[in-house]
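**Student:** 3D, please:
(4 chains)
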Amino acid sequence: MRNRSLGLTLLAVTALVVSACSNTGGGAASASAPAAANPCAGATAHSGGTHSFPTDKTKWKIGVSTDVGTVNDKNFNEYTFNGAKAGATALGAAEPPVVVPKDASELAKNIQGFVDQNFDIIVTAGFNNGQATNCAAHANPDIWFIGVDQGPPCVTPDGLPDSAFKCAGDAKTLLPKYVAISYQEDQPGYLAGMVAATMSKSGSIGAIGGITLCGPCVRYIQGFQLGAQKVNPNIKLFVSWVTTSDFTKAFNDPVTGKNFGAQFITTNKVDVLFQVAGKTGNGILDAACDAGIYGIGVDVDQALSYPNASKCTVTSAEKKLSLSVSTDIANIVAGTQKGGDDHWDAKRDGIGYSPFHDLESKVPATLKQQLDDALAQMKAGTLKTCPDKCGDISTLPK
Amino acid sequence: MWSIVALPLISILLALVVGAFVIVASQLVLPGAQLDLLLPVTAYSALLQGAFGNFDAIVGTLASTAPLVLGGLSVGLAFKAGLFNIGARGQFLLGALGAVAAGITLAGSPSIVAIPLALLAGFLGGAAWGFIPGLLKAVAGAHEVVVTIMLNYIADGVITAVVGGPLRQQGRSEAITPDVGNAALPIIIGSTGHAGILLAIIAVVVIGWLLFRTTLGFEIRTVGANPDAARYAGMRPRVVTILTMSLAGGLAGLAGAVVILGVNHLMTPSFGTTAGFDSIAVALLGRTNPLGIVAAALLFGALRSGATLMEILARIPKELIDVLQATILLFLVANPVLQRLFRLRGVKSGLDTTETLTKTYSGEAVVQ
Amino acid sequence: MDALINALYSIPLVGLVFQLGGYIIAVGPNVAPGILQAATPVALAALCGVMCERAGVVNIGIEGIMLTSAFVGWYAGVLLAPVLGTADLGPFGANPALVVALVIALVSGVLISWLHAWLSISVRADQIISGTIINIVAVGLTGYLNNLISKASPNGAGAFTQFKPPHELTDLPVVGWLLGMFLSQGPIAMSVIVIVVIFQVLLFRSRWGLRSRAVGEHPRAAETVGIDVIRVRYRNVLIGGVFAALGGAYLSMEATNSFQQEMTTGRGFVGLAAMIVGRWSPVGAFGAALLFYSSTALGNSIKFARPSGDLGTILVGLPAQLYDALPYLLTIIILAGVVGRSIPPAADGQPYEREATA
Amino acid sequence: MFLSPFATEAVMTIEAAMTPEAPVIAPALEMRGITKRYPGVVANDHIDVEVRPGEIHALLGENGAGKTTLMNILYGLARPDEGVILLDGRETTIAGPSDAIARGINMVHQHFMLVPVFTVAENILLGEETMAGPIFLDRKEAHRRIVELGKRFGFEIDPEAKVGSLSVGWQQRVEILKALYRDARILVLDEPTAVLTPQETQEIFAVLRRLAQEGHSIVFISHKLYEVLDIADRITVIRRGKVVGQRLPSETDEDDLAALMVGRNVQLTVDRGDSKPADVALEVRGLEVKDDRGSVVVQGVDLDVRSGEILGIAGVAGNGQDELVEAIVGLRRPSGGRITLRGQDVTRASPRAVNEAGVAYVPADRHRFGLVLSFPLADNLVLTDYYRRPYARGVLRNDQAIEASAQERIREYDVRTPSATVRASTLSGGNQQKLVVAREFARDLALLVLDQPTRGLDVGSIEFIHRQTIAKRDAGTAVLLVSAELDEVLELSDRIAVMYRGRIVAIRDGRTADKNEIGLLMATGGQARAAAPVAETGPAA
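**Tutor:** Presented below is the predicted three-dimensional model:
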């Protein structure tokens, strides 16, 4: 009996396969045209005509879709969420719900979830969300999207994400409500480098990145190198990466970070250490404290965000993730925000260095002035903070 | 019929009760949280709505189900041969890698060529990752559980190295592969219903056919149920072990290929998967039977798919799905207790055709 | 002398071995304390494995036990810090909240081990499935709660700090760096050495050890001499839970004072690998854990300070991933019996049913 | 506690008590009316046994007579359904091994309860540890006592030797030491000589006699007549769960005991008719086979089985029959010799090749080898030829053919089942065996190998299988029958080969064989009587 029904199923499915194959065959005929497969197949428009934004600004619905990982990652996810929260609070709107994908296959679905629920502003965190956000923005040109670390957007003339990376389309006009945030990481890196070279007595300083495959990490450290050399052309810079193979170890494993940092310090005898490694970096700061040397934080003021290491965190190279998100939200509601590349650099106060806090007394009085001068030059656009091959790891010492 | 579905159904219902309890209890331990006794209702109705609320939701559930069916078949097939494939995760990743590598190579070729070849590459990638533990088990008695766990970790490293290296798209500061182009699976239902759903159905039929209609399937089942009898009957348990693990790896690899070609279309080094461990739950809940696996995969696919809306509307973290999953398994495994509790007689637990999986942990080679 | 060394260096393979030895001696003292720290959670996981499997219970839920305890300890610290205060109690940066939280973490490890014991010993469920359930439930529950909790960014009760041994000790020739390695540690890392020694001695010299091993090798024989197999197995699994919990607590209360989702990152499984490579003995497992992280440390050292000569060319030429993957590869190689076959207790993983009821 | 030097006096008193004239003192152990039922079988049926202090008491019976069950009850490993146990005249309940040990009862199990990777000392200490303080073992003291104990009973043993590396004879000594270390008053030995060489046996006997002299009571379970006569002070014979007699060695001889043990019940007889032996189907020459532990258990067996005859192998279980059969059917690789089937060399052939050469095999352990209990009957009926036409077409199973043939065979072989789709595990033992028989008998065969084909079956099934076997013979198949049931061998065989310690020690004509003689040969290998003929080879007329 069961056997027979199995046979029937077999027949039915064979029929399905045959029809599917013929479908595919038909598809293939038309597929000879380039880029037949729409990379945005899953992204659909919300229901119910054109999206209308609430007139009462406390009624704005803001949602956050993070990158794979956790909300409290001391990184994109956390500060993006904090920024959205701050933006919502400023409006008097409800705290944004946050969706955390469990793996990469959920990224698009999470964004679509907010679209289907008629959210007004959807904030997505991290580079991995870039393609999905671009697609959703393309399908829903009447909803605002803020993509952190996704700029500048690279689109085809149709406004779809450009897999060939030719970037022939103009994102600003094609996707008028997609705000793709990017940061000039080499600028805060440069400032951090100046601090490191000033604070170093031995003339040896270090920088540790999470993984070589992280573009912003590379730019931070490239800036760091130039900044340090500006203060002390003879400075000896050691650069290392926690891992080449494991993203968890690179950004999510403070225990490994602490170990790695300790070994780095004892081997290279540095006395100032800059880390660009997320939560793994927290462990690196711990190692700096344990070794009695200075640590430099990244992204936010880590003397505050990671109090465990505040006693030795002399400053942090900040890119103001939360500020940029909350500012953009305010601008959107106010009607002044534009789509496209949303680049945050010194000119917009999108980057900076953190106060010295408890270590103020140890810092030479002249340093603050030098930093502010450098910041002013950055704003004026007269300071080169990244080598010509910006983002190319080969410029860094091995 | 009741004897087959009673235990899974009771387990699922009890797990939902436990989940509700967790939702309520967690409000008690959180500082400053308000107690909302109806939160479980809100959460579960959002979950249901997210999974089956409308056509798109249902299609989304189907798309989430497809890799779980393939993964469940992988684990289930291995169970049938008395093997515990805890390495579906690594095989999934290698399958995804194989598919993306083939996909970007064939991105400009006609779909009719590119898709089958990319799928085949995915299958082979996973099969290679299943062949290793199968071989080591057969010739040296290395327990497949430990070997596959180790291979899961090695798979992570391989992905990062390859995506960050040879497959990396030039000109971008982040490690990301190009798009698979024409190798992408066509959408056959709604907006997200890729052809992987069809592939999963085909796989169910093929594996069901293989297991119950072919002589090889009979050998696989005999080796799993009674390896001594298999040897007596002139079968070759070693060959069957290697073959089954490779096939199981291939199925998990196909799951990875389906996700890459049907959903993501490209790969980054942080491409991970929940499907690997979900597959174990699917296979166990589905009693290692292909049709049972479809039902179990639908359940977990719906949970995974509906969880997004649960997180948006009820603000319940997705990890609740893991809790539900583990609790279902817990009740299923503790079935002697359930049977006593619910006075179920003659109800079968589902894994009774397979001998204790830890049996060969002591490192004996498969009998010749 | 120099001539001799040069001569040795000139022989291809021998020269390399000498170079490697020289390199390790040069960097060893610097990295040794770090190796022990990195190895601590893995070693504790491995000890849990030895404790369970010596009595015949396979425990692949160690990862889950560690994760649970890491979370419970950290969050107990968060809740207790305002109540008990974080006044320094003296050594190791201990404070009342931290100490009580550690105890709670250990209790949580015992409780979740009890679940595994019940499923695998009393219910006689498949032990691997039971362990898998524990892993999934731990990831789910800790992730769920942490997700809710972390939105408020609470602070824990601090972390245990490392002991700073006096310079006179660590500056001693030859043994100085070894003393430094064992003494520049926090309380949990230091306790590992103590546990390993005591466990090793008890396992092979005490009544408890004799009975545990008998139950893992030949439970029927143990029962015929009047040993309660079920009780021995329960006891060992619960004690193993304490070890795993200590490993989890190390992550969130000594190495850091924070909890992150899935922060064990596979250390429980690597612990199992260490157990296998260490042939189910406490000292062996500990040694294997140290070996694993020595490999990582070597990989790091090569990044920081490239060794000179041929050795440098070879070591740098090896894929960097290899150093990270060594634990996994080594385990597979040993399981495959290519080198040094490792044989588990004979009744490992077999549910035990009393004959008397027949 | 150990017998101190002062105990010598006590021993003498006991010896005095043992003289026949002396009044009988309270037995050290008395088991009264012990009854134990297992589903479908009464293992012990109101058994009464008493063992006096300082006595070696033999329990004699065939395999499956219920001796081991009785001793498991004594040791607390099984509960009696009825009956009481008295120690020194006082009624006691024994709930488990620890109870038994506490009361001075120790058991040496047929399958040694030793941990191979432990040392001698560790094995002996286990459960009864000599401690130095509350935690640690006192190895020194333990070693001293073990060595001393060994010396007292006439052997020197290294307490640090790994048990797994010892010979079986020495393992046996370790088992006995283990009991003595616990100061056993009553020592039960279950088939202690089953795996020993004659020399080892004599050495162990010397130890046992010493023990008895020192006042220990010994229960000696065996089915070997001459050994029992050699060692026992008194003999209780058990057959089919009942005590059938009690003897003093002085009052009996091997013939008498064999008769008691085997019984002279009226047999269910099958008319076996006349055989018409044709060409030699199976030829075995100089076969040597090792068991799982690597000891040679089949030593130079020569055997011929002709088409159309039944060759029965009689022998006590564990004399190499299983290994012989497994070697013939390809499951075990011989370490020497040659097996030829109808002129074709199959010495190293795989099970499948042997099967395809026309050999069918009904294994002794049908649950382990013969059946897949979780599979439906139909699948079990094609377990060995599922891949052949008509059950398979290429890679595909032909479910219709499988189903049809299943129906037919179930009918033909009278398997009582509701349908062919139920699991084999739902059938009774008899029907399960019929299932195996139905599968193995169904095709044309060159050779049919039956290993314990009727063990544990009901009378109806036994008769059925016997008739089928004879029908197969009459159809011209060569049949090799191995059975521990002497009656079965006598009843079916055209020729009978007696196997003892891996050798064929005698071949007799099935119709004229004397049961007592065969029983004796089985039990002694002919060594006890010089008259026993040397092994004959080749067909006996």
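
**Student:** would you state the helices of the stretch 251-398 of chain A in chain order?
**Tutor:** Secondary structure of the stretch 251-398 of chain A (DSSP state H, counting those that start in this stretch): helices located at A:254-268, A:278-291, A:302-305, A:321-334, A:365-380.

**Student:** run through the neighbouring helices and strands of the shortest one.
**Tutor:** Judged by 3 or more C-beta pairs under 8 Å, 6 or more residues apart in numbering or on different chains; DSSP states H and E, the packing partners of helix A:302-305 are strand A:313-319. In this view, the C-beta of every residue, glycine as well, is placed from N, C-alpha and C.

**Student:** pull the CA atoms of the strand it packs on into PDB?
**Tutor:** Extracted C-alpha coordinates of strand A:313-319, given in PDB (Å, rounded to 0.1, in the frame of the first residue of the first chain):
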ATOM      1  CA  THR A 313      42.800  53.000  27.300                       C
ATOM      2  CA  VAL A 314      44.400  56.300  26.400                       C
ATOM      3  CA  THR A 315      42.000  57.200  23.600                       C
ATOM      4  CA  SER A 316      39.800  55.600  20.900                       C
ATOM      5  CA  ALA A 317      39.700  56.100  17.200                       C
ATOM      6  CA  GLU A 318      36.000  56.900  16.800                       C
ATOM      7  CA  LYS A 319      33.800  56.600  13.900                       C
END
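
**Student:** average model confidence for that strand?
**Tutor:** For strand A:313-319, mean pLDDT is 94.

**Student:** same question for stretch B:292-305.
**Tutor:** Mean per-residue pLDDT for stretch B:292-305: 95.

**Student:** possible to save the helices of the stretch 251-398 of chain A as TSV with mean neighbour count and distance to B:Gly72?
**Tutor:** Listed next are those as TSV, based on neighbours: other C-beta atoms under 10 Å in any protein chain shown; distance: least, C-beta to C-beta, whole Å:
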stretch	mean neighbour count	distance to B:Gly72
helix A:254-268	26	33
helix A:278-291	27	33
helix A:302-305	21	42
helix A:321-334	22	40
helix A:365-380	15	55
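
**Student:** mind putting these in TSV, distance to A:Ile121 included?
**Tutor:** Below are these laid out as TSV (distance: least, C-beta to C-beta, whole Å):
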stretch	distance to A:Ile121
helix A:254-268	33
helix A:278-291	26
helix A:302-305	25
helix A:321-334	6
helix A:365-380	29
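
**Student:** B:Thr148 is nearest to which of these?
**Tutor:** Distance to B:Thr148, taken as C-beta to C-beta, is lowest for helix A:254-268 among the helices of the stretch 251-398 of chain A, at 23.6 Å.

**Student:** closest residue of the stretch 251-358 of chain C to chain B?
**Tutor:** Here the residue of the stretch 251-358 of chain C nearest chain B is C:Gly349; by C-beta to the nearest C-beta that distance is 3.1 Å.

**Student:** tally of neighbours for that residue?
**Tutor:** 25 (other C-beta atoms under 10 Å in any protein chain shown).

**Student:** could you name the helices and strands sitting against the least confident helix or strand in chain B by mean pLDDT?
**Tutor:** Least confident helix or strand of chain B, by mean pLDDT, DSSP states H and E, is helix B:335-341 with a mean of 77. Counting contacts by 3+ C-beta pairs under 8 Å, 6+ apart, helix B:335-341 packs against helix B:2-29.
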